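Peer 1: Show me the folded form of this:
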Amino acid sequence: MKKVLTILAIMGVAQASAAELKIQPVYSLETTRREYPAPASQITKTYLGISALYGVPLLSAEFEVAQSTYTDSFPSSDSEVTSVTKRAMLGIRSYPLTSKYFGWFLRAGARAKQETLDIKESGVSRTEERPVYLDPYAGTGITITLGKVAALNASATMVYNNSADVDESEKYDTQYTLSATFKIGNR
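Peer 2: Numbers count the residues shown, from 1 in each chain. Below you'll find the model as predicted:
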């Protein structure tokens, strides 16, 4: 038993010393629910942000922040709504399948999303701040390695939408993300 524990401890130290920090610019599309103005509907927003991964391929911590600005015009009611949505995602990522040129990953965690609305109706402007929503997410993706210092990542992630009064058919936001990984350093 002592030998097994010693081997596991050595493997754990070796894995910890192999941990890497990867910084990635992120571009993503998210199909999400627009609640204001009524009636609510599904829309697609574009997000720009940055993410960081720290760990080893088998298990890494991931953190992502991104922001989207989306404007809708409603000529029939002489109004325009500009939405600024900020999102932060914290979770884990695991690569159960990797090779020299390709990797397949799974991800899971929680998303915090907050939206600010700039509403212009008949020439009068007002600002509304929506509450922060915390939602779980899970997804999968692929990584294609481009030499020793760069990689492209593409993923699809489902986020459970905890917003009040959401129909079952609109309970999930879908994120499609494209990012690039750049390694800096001697590793």
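
Peer 1: what does the average pLDDT come to for the helix or strand hosting P25?
Peer 2: P25 belongs to strand 20-34 when assigned by DSSP states H and E. Strand 20-34 carries an average pLDDT of 82.

Peer 1: which residue ranges form the helices in the protein?
Peer 2: 2-17 (DSSP state H).

Peer 1: D173 reaches T31, doesn't it?
Peer 2: Yes - counting by Cβ atoms under 8 Å, T31 is a contact partner of D173 at 6.4 Å. For the C-beta atoms, the positions are set from N, CA and C on the backbone; glycine is no exception.

Peer 1: Could you give the number of residues near the closest residue to A138 other than its chain neighbours?
Peer 2: Computed as Cβ to Cβ, 6 or more residues apart in numbering, the closest residue to A138 that is not its neighbour in sequence is A108, at 4.5 Å. A108 has 15 neighbours, counted by other Cβ atoms under 10 Å.

Peer 1: I'd like to check which residues are in contact with A108.
Peer 2: G91, I92, P136, Y137, A138, G139 (Cβ atoms under 8 Å, 6 or more residues apart in numbering).

Peer 1: residues contacting the fourth one?
Peer 2: When the contact criterion is Cβ under 8 Å, 6+ apart, the partners of Y137 are M89, G91, R107, A108, G109, A110, R111, T157, M158, V159, Y160, Q175.

Peer 1: So what pairs up with the residue nearest to A138 in the strands?
Peer 2: I92, A138 (DSSP bridges).

Peer 1: Please report how far it lies from M158.
Peer 2: Noted for A108: a distance of 10 Å to M158, by Cβ to Cβ, to the nearest Å.

Peer 1: Next: S179.
Peer 2: Distance of S179 to M158, given as Cβ to Cβ: 18 Å.

Peer 1: How about L106?
Peer 2: Taken as Cβ to Cβ, the span from L106 to M158 is 12 Å.

Peer 1: who touches both of the two?
Peer 2: Shared contacts of L106 and M158 (Cβ under 8 Å, 6+ apart): A138, G139.

Peer 1: I'd say R34 and T71 touch.
Peer 2: No - using Cβ under 8 Å as the test, R34 is too far from T71 to be in contact (11.4 Å).

Peer 1: higher neighbour count, those two?
Peer 2: R34 (16 against 9).

Peer 1: May I have the beta-bridge partners of the more buried one?
Peer 2: For R34, the beta-bridge partners under DSSP bridges are S41.

Peer 1: Please report how far it lies from E115.
Peer 2: The gap separating R34 from E115 is 10 Å, by Cβ to Cβ.
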